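*Asks:* Here's my sequence, what's the structure:
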Amino acid sequence: MDPKERRAARHQPPKSGTGPKPRRRTVPITVEQVVEAALEIIATEGYEALSMRRVADALNTGPASLYAHVVNKTDLDELLIARLCAKIVLPKPAAANWREQIRDVCVQLRDLYLAYPGISGAAFAVAPTDLDTARLNEGMLAILRNGGVPAQAAAWGVDSLLLYVAAYCLETSIVHRRVEEKDAVWVVGRDEMRRRLASLPAEEFPYTASHAAELTAGEGHDRFDFTLEVMIDGLARR
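*Replies:* Modelled structure (predicted):
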């Protein structure tokens, strides 16, 4: 199948029945190999290092060979996000523990994004119509609806949760990259940030100066957990 036709097919509702089996490819490079090579590049060098030419080099071929299987970088982004979504283990929705279930799905996605630094940036523009991506949305929606969250709130809730997870992971990846830069002496650590905030003129910044410790508190994913709980609490109250 032509790559443009394949991409268009991913954005169409699945047809009933199994249909004819796809013909075996006779070329040495497959979509699977392209995706695997791209993920390897991101895992070791970060998403910013990813390009069609970089993937082609990793596969010892030219960029033109990739276009027989991938339409463009946007198509590759969709394939990458779909691959990660396929790794998510979705629970059987249960009203009794829906809060824990939706939190676990978000944590799984967070950890996958962080394993491939910066890749969550590609998720912002991905339409959830690829079957693997749609599967994640379906699973999250099912959890919220079975938990008693109204339909509209559940639909927007899934979108909000996915946006937050992607944004959190993107910011985390950016911070880690900056810390690792050779000229990162300008990066301010927590202790220094606390000192700077506490030393602000109290008459102009009374709350910031007096709450410097709280503003800079948190270890690991404490802030992620806090925000996720706030969002879930909001959905529960709906």
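
*Asks:* which helices and strands sit right next to the helix or strand containing Met193?
*Replies:* According to DSSP states H and E, Met193 maps onto helix 190-198. Applying 3 or more CB pairs under 8 Å, 6 or more residues apart in numbering; DSSP states H and E, one finds that helix 190-198 contacts helix 206-210, helix 212-215. C-beta here means a position set from N, CA and C on the backbone, and glycine is covered the same way.

*Asks:* how distant is the longest one from the center of its chain?
*Replies:* Put plainly, it is helix 206-210. Helix 206-210 sits 35 Å away from the centroid of its parent chain (CA atoms, centre = their mean, to the nearest Å).

*Asks:* for the record, mean pLDDT for it?
*Replies:* What helix 206-210 shows for mean pLDDT is 96.

*Asks:* What is it packed up against?
*Replies:* Looks like helix 206-210 contacts helix 190-198 (3+ CB pairs under 8 Å, 6+ apart).

*Asks:* can you list the residues that contact the helix it packs on?
*Replies:* Val188, Phe205, Thr208, Ala209, Ala212, Ala213, Leu215, Thr216 (CB atoms under 8 Å, 6 or more residues apart in numbering).

*Asks:* For the residues you listed, pick the one with the most neighbours.
*Replies:* Counting neighbours by other CB atoms under 10 Å, Ala212 comes out on top of the contacts of helix 190-198 with 19 neighbours.

*Asks:* For that residue, give me its contacts.
*Replies:* By CB under 8 Å, 6+ apart, the contact set of Ala212 is Arg194, Arg195, Leu197, Ala198.

*Asks:* Quick one: buried ones out of the residues you listed?
*Replies:* By neighbour count, with 16 or more other CB atoms under 10 Å, the contacts of Ala212 hold Arg194, Leu197, Ala198 as buried.

*Asks:* Off-centre distance for stretch 154-173?
*Replies:* Distance, stretch centre to chain centre, for stretch 154-173: 8 Å (CA atoms, centre = their mean).

*Asks:* List the buried residues for that stretch?
*Replies:* Buried residues in stretch 154-173 (16+ other CB under 10 Å): 154-155, 157-158, 161-162, 164-166, 168-170, 172-173.
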